[in-house]
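Student: the following block contains a protein sequence and its predicted model.
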Amino acid sequence: MDFCNYGTVNNNSSSIGDDEEIGLLPKIVEGNRNKIIGMEKTSFRFSLYLFAYFMFLCSGAAVFSYFEAPEERALRVRLGTAVQKFLVSNPNVTDADLEELIVEIVRANNRGVSAIENATSEPNWSFGQSFFFASTVITTIGYGHVTPLSRNGKLFCMFYAVVGIPLTLVLLSALVERLLIPTVWLLQWLNSKLGHLYQPLRIQIVHLAIIVLVLLVFFLLLPAAIFASLEPEWDYLDSLYYCFISLTTIGLGDYIPGDSAHQPYRPLYKIMTTCYLFLGITIMMLTLTVFYDIPQLNLGLLFTTSEDSEKVRLASSGPSLQYGAGFSPHNEENIHRQVVRVRSRHNDSPSPEEPPHKGFP
């Protein structure tokens, strides 16, 4: 009796084990499908992206070196010729004295003080100039053409940046949220006019193209023409280059508006330039927001699995984590996610397999 029972138990255990192995087979096959060369697909894509990004940096360095190295060599030759010409014209000046003078001039110029006559008629730390400097600090543009000279100024600059940069991000985010309201209205209007002709993705791309066109025309091309007319030493390319470098917060500092000699109304000019920078950066952030709200254009999704996205969704939907007052399903100002929800009219009704959209996806 015991032997029979023992055999029966073994048979049942064997069949259960076989069922478990059979049930594991699809998971193993699915796991193998999600791997490339022994790596997860997302990890493999990310590795390729890192390699491509590194090659992009290398190609950029090669191109910059190819274009700029000859200009640097020519500039060095002109500088050496000018120094030799000065020494011939002034035989009483020694090489050491001239080099010391040049070092002091370069050092002062790097701190925002120019040795050219009349160029410093307006001090760097007047209210208008200081207002412009403060804006470049808290917007992280940081041209670097003017820097604090005193120890107290350096300490205050660090404190001011720590407090001011988060405040600026909050301000820019609030401005973008408000600008998203007319932006969504435009998308809804496009959907009502073109929804019966085109798929939602095409309508969203047209919508993005309109936003990009507004950015190019009103915040790059037209301001570049204005700067080119106001700055005596800038041509249109220089002005366009300045606008792009500033609005992307790169801030190289090689072109600074209002620093030319005999610049009229310099403090007012600096304040107006500051207003342009704030508004331009806001429109740049709005453009990026609309761009990333199109899932098909968001390359970051290639490096995340559906499980990771679900974890992020569950974490962000919890009551203990809120990214701002605008992120509420019942708040009409929550426009950020609504950009991707506008559908064409023939796709407004969900499929039987697709649940209706309520709140956040």
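Tutor: Sure, I can see it.

Student: for the stretch 51-200 of the chain, give me the ranges with low pLDDT.
Tutor: Scanning the stretch 51-200 of the chain for pLDDT under 70 picks out 110-112, 114-122.

Student: swap in the stretch 251-361 of the chain?
Tutor: Counting by pLDDT under 70, the low-confidence segments of the stretch 251-361 of the chain come to 305-361.

Student: try 50 this time
Tutor: Where the stretch 251-361 of the chain drops to pLDDT under 50, the residues are 312, 316, 318-361.

Student: determine the longest helix present in this structure.
Tutor: Criterion DSSP state H: the longest helix present in the chain is helix 41-89.

Student: counting by contacts, list what it packs against.
Tutor: Here helix 41-89 touches helix 95-110, going by 3 or more Cβ pairs under 8 Å, 6 or more residues apart in numbering; DSSP states H and E. Every C-beta, even on glycine, is put in place using the N, C-alpha and C of the backbone.

Student: next, the angle from the helix it packs on to helix 41-89.
Tutor: Using axes from the mean of the first three to the mean of the last three Cα atoms, to 10 degrees, the direction of helix 95-110 lies 140 degrees away from that of helix 41-89.

Student: what's the first helix or strand after helix 95-110?
Tutor: helix 127-138 (DSSP states H and E).

Student: buried sites along that next one?
Tutor: By neighbour count on 16 or more other Cβ atoms under 10 Å, the buried set for helix 127-138 is Gly128, Gln129, Phe132, Phe133, Ser135, Thr136, Val137, Ile138.

Student: same deal with stretch 83-96?
Tutor: Within stretch 83-96, no residue counts as buried by 16+ other Cβ under 10 Å.

Student: how about that stretch as PDB, C-alpha atoms only?
Tutor: The C-alpha trace of stretch 83-96 is given here as PDB (Å, rounded to 0.1, in the frame of the first residue of the first chain):
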ATOM      1  CA  VAL A  83      54.800  92.500 -31.900                       C
ATOM      2  CA  GLN A  84      57.900  92.700 -34.000                       C
ATOM      3  CA  LYS A  85      56.600  95.800 -35.800                       C
ATOM      4  CA  PHE A  86      56.000  97.400 -32.400                       C
ATOM      5  CA  LEU A  87      59.500  96.600 -31.100                       C
ATOM      6  CA  VAL A  88      61.100  98.000 -34.300                       C
ATOM      7  CA  SER A  89      59.100 101.200 -33.900                       C
ATOM      8  CA  ASN A  90      59.900 101.400 -30.200                       C
ATOM      9  CA  PRO A  91      63.500 100.200 -29.700                       C
ATOM     10  CA  ASN A  92      63.500 101.400 -26.100                       C
ATOM     11  CA  VAL A  93      60.900  98.800 -25.100                       C
ATOM     12  CA  THR A  94      62.300  95.400 -24.200                       C
ATOM     13  CA  ASP A  95      60.700  92.100 -25.000                       C
ATOM     14  CA  ALA A  96      60.100  91.400 -21.300                       C
END
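
Student: residue contacts, Pro267?
Tutor: Residues counted as contacts of Pro267 (Cβ atoms under 8 Å, 6 or more residues apart in numbering) are Glu122, Ser126, Phe127, Gly128, Gln129, Phe131.

Student: need those in CSV (columns: distance to Leu167).
Tutor: Listed next are those as CSV, based on distance: Cβ to Cβ, whole Å:
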residue, distance to Leu167
Glu122, 28
Ser126, 24
Phe127, 20
Gly128, 21
Gln129, 22
Phe131, 16
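
Student: which one of the buried residues of helix 127-138 sits closest to Ala74?
Tutor: Taking Cβ to Cβ as the measure, Ala74 lies nearest Thr136 of the buried residues of helix 127-138, at 31.0 Å.

Student: now that closest one: how far from Leu149?
Tutor: Distance, Thr136 to Leu149, using Cβ to Cβ, to the nearest Å: 16 Å.
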